[in-house]
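1. Prediction below, plus the sequence it came from.
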Amino acid sequence: MFRKTSGAILCPSCGRLTNADAPVCLVCGRRRPGLWGFAGPLRGLFRRSFTDLVTITCVLMYVASLVIDPAAALRPRGLFSLFSPSGPALVALGATGAYAVDAGRWWTLITAIYLHGGVLHILFNLLWIRQLGPAVEEVYGPARLVVIFTAAGAAGFVLSTLVGHWLTVGASGSIFGLLGALVAYGYRRGGTFGSLILRQYGQFALILFVFGLLPGTSIDNWAHAGGFVGGFIAAWALSFAERQAERGRDQLLALAAIVLTVIAFALTLWTAFVG
């Protein structure tokens, strides 16, 4: 129903018209440009805003964490802990850390990206996501944004867990990954514009990292560092749009990241409420 195995299509590599069933693109020579009939559906999937999807998911998960234990969320606390979900509520929804990894719950390295520990936590993170997400999408492409965001968030939590953090949540590792991707872009592009990008987003990363060192913030700077490195490496491996348009491989990697995220949430719900 959704596959197009014959007729004209746009090649996922060069964007020119070719045949869906051609063994190679008639223009650029790419092998199997029709991706076995799935080139069109994959391209349409990533036209939708991943930034909006992340925003909605984070908000829904935050509301769910408050609903699970409303008494804890309404307990008077400090400014940085205002309307904070309880630990058990976060654990039930997929918080990560040494406790989860020791128990074999690898999937929490992904689900924890979409959980937050308070109203200020989610507010600041969503503001950064909505600023950096479109910027990364513009210079790398929508599918590569999905891969960078997911890989960076997981990498940040891996490093945080390795140094012994027992419980951690938040999209800030992914945010630092987006900053790392923009720094990589600026470095690789070079020239006046590249230097400007490198300096601007490098300064953003440094300021945010220093802010995380302030006393009383309880910020997981190890996740920030791991996310920055993960995003930088992922972006370096994927190339950027000016140099090479998104290819079928990029779209398949993004689809794999989305499927893995869905599986991670399914495993979390099964573990918490069924298993």
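-> Nice, I can see it. Residues are numbered from 1 along each chain as shown.
2. Which SSE is immediately downstream of the least confident helix or strand in the chain by mean pLDDT?
-> Counting by mean pLDDT, DSSP states H and E, the chain has its least confident helix or strand at helix 39-45, which shows a mean of 53. Sequence-wise, the next helix or strand downstream of helix 39-45 (DSSP states H and E) is helix 50-68.
3. How far away from the center of its chain is whatever helix or strand comes next after that next one?
-> Next along the chain after helix 50-68, taking DSSP H and E as the criterion, comes helix 70-73. For helix 70-73, the separation from the chain centroid amounts to 29 Å (computed by Cα atoms, centre = their mean, to the nearest Å).
4. For the residue nearest the centre of the chain, list the residues it contacts.
-> The C-alpha lying nearest the average C-alpha coordinate of the chain belongs to residue 149 (Cα atoms, centre = their mean; 2.2 Å). By Cβ atoms under 8 Å, 6 or more residues apart in numbering, the contact list for residue 149 reads 50, 54, 133, 136, 174, 177, 178, 231. (Each C-beta comes from the backbone N, C-alpha and C, glycine too.)
5. From residue 265, how far out is the fifth one?
-> This points to residue 174. Distance of residue 174 to residue 265, computed by Cβ to Cβ, to the nearest Å: 16 Å.
6. So for the two, which residue has more residues nearby?
-> residue 174 (31 against 18; other Cβ atoms under 10 Å).
7. Do you know the pLDDT at that one?
-> Each residue has a pLDDT score; the one for residue 174 is 98.
8. Surely it and residue 150 touch.
-> Yes. Applying Cβ atoms under 8 Å as the test, residue 174 and residue 150 come out as touching, 7.4 Å apart.
9. Give the intersection of the neighbour lists for those two.
-> Counting by Cβ under 8 Å, 6+ apart, the residues touching both residue 174 and residue 150 are residue 113.
10. Now residue 154: closest residue in space that isn't a chain neighbour?
-> residue 109 (4.6 Å; Cβ to Cβ, 6 or more residues apart in numbering).
11. Output the contacting helices and strands for the host helix or strand of that neighbour.
-> Using DSSP H and E, residue 109 sits within helix 108-111. When contacts are defined as 3 or more Cβ pairs under 8 Å, 6 or more residues apart in numbering; DSSP states H and E, helix 108-111 sits against helix 98-102, helix 142-162, helix 248-273.
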